[in-house]
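[1] fold the following, please.
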Amino acid sequence: MIKTKDYANKAYWEARYSNEDKFDWLQTFDLIKESLNELLYESLEIIGGNNKNELSILILGCGNSLLSEDLYSDGWENITNVDFSEVVITNMQNKHQDKELMKWVVADCRNMEEQIENETFDVVLDKATLDAISCGGITECLKTTNEVHRILKPNNSRYLLLSYSRFRLEDFLGEDNVDLDTRTGKDEKWSCDKCVDLLNPVDDDNGSVSSPSNLHYLYVLDKI
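    Numbers count the residues shown, from 1 in each chain. Reported below is the predicted structural model:
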């Protein structure tokens, strides 16, 4: 039986990825493609780019999701995938050898200083990775979001955070800095002016603290 706290445990993921080919958390690319493309094109316009490959994207905690493969096929090829599992990075690297521009990096999202330089990326995309890290406590969340802030470029860069939780912003902006009605907020590091509601493709209305559980939330955070 899987315990929620296992999601913060590297050993759990190494074992899982040794026996699992692919899995997508929360949403598949087809379900979020319209919303995600709109946000990526916004970012491309903000940086003054004309070609999709001018937008540098890091996928945080990539796992064995099809997300990077689908984004690449959609023309967003300047992608770096990061995960702390050596097993999954090796497997995914071997699987996608044909994708010349795509990179695969073994790194812990909570401390990537040895692998990722400061102010490198235009967009960091997180699909349920912070959700998993939150199982280890708020301190681990803050380590992660601080690292995301560090590796994003200083101007016009974004953290696109897909979560099951309507309270995820509070984990790193603080309760006093968040409007729960609109799920927006601001502190000295981040400004979240938009949250996109996405229908949960699975009917799992279980009365959780993140109810309504028929929704997932795509937070759009601009680095300050």
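
[2] in this protein, which residue is most central in space?
    residue 126 (0.2 Å; C-alpha atoms, centre = their mean).

[3] doesn't that one belong to a strand?
    Yes. Under DSSP: H, G, I helix; E, B strand; the rest coil, residue 126 falls within a strand.

[4] shift numbering so it begins at 775
    Sounds good: first residue 775 from here, last item residue 900.

[5] doesn't residue 932 make contact with it?
    No. In this structure, residue 900 is not within contact of residue 932 by C-beta atoms under 8 Å, at 11.0 Å. To be clear about C-beta, it is placed using only N, CA and C from the backbone, and glycine gets the same treatment.

[6] returning to what we had before: now the residue nearest to the centre of the chain, nearest residue through space, not along the chain?
    Setting aside the residues directly before and after it, residue 900 is nearest to residue 834 in space (C-beta to C-beta, 6 or more residues apart in numbering), at 4.4 Å.

[7] next one: phi and psi at the one you found?
    phi -90, psi 120 (degrees, to the nearest 10).

[8] residues in contact with it?
    856, 883, 898, 899, 900, 903, 904, 918, 922 (C-beta atoms under 8 Å, 6 or more residues apart in numbering).

[9] out of those residues, which one sits closest to residue 808?
    Residue 808 lies nearest to residue 899 out of the contacts of residue 834, by C-beta to C-beta, at 15.3 Å.

[10] and the strands in the protein?
    831-834, 853-857, 877-880, 897-901, 932-937, 952-953, 958-960, 964-973, 989-997 (DSSP state E).

[11] TSV for those strands, including mean pLDDT and distance to residue 867?
    What follows is these, written out as TSV (pLDDT from 0 to 100; distance: least, C-beta to C-beta, whole Å):
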stretch	mean pLDDT	distance to residue 867
strand 831-834	98	14
strand 853-857	98	9
strand 877-880	98	4
strand 897-901	98	19
strand 932-937	97	23
strand 952-953	96	38
strand 958-960	97	37
strand 964-973	96	29
strand 989-997	96	27
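
[12] okay, those in TSV with distance to residue 870 next?
    Listed next are the strands of the chain as TSV, based on distance: least, C-beta to C-beta, whole Å:
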stretch	distance to residue 870
strand 831-834	12
strand 853-857	9
strand 877-880	8
strand 897-901	17
strand 932-937	21
strand 952-953	37
strand 958-960	36
strand 964-973	26
strand 989-997	25
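
[13] hang on, the earlier thing: bridging residues for the residue nearest to the centre of the chain?
    Using DSSP bridges, the bridge partners assigned to residue 900 are residue 834, residue 935.

[14] what residues are up against it?
    Residue 900 neighbours (C-beta under 8 Å, 6+ apart): 833, 834, 835, 922, 933, 934, 935, 936.
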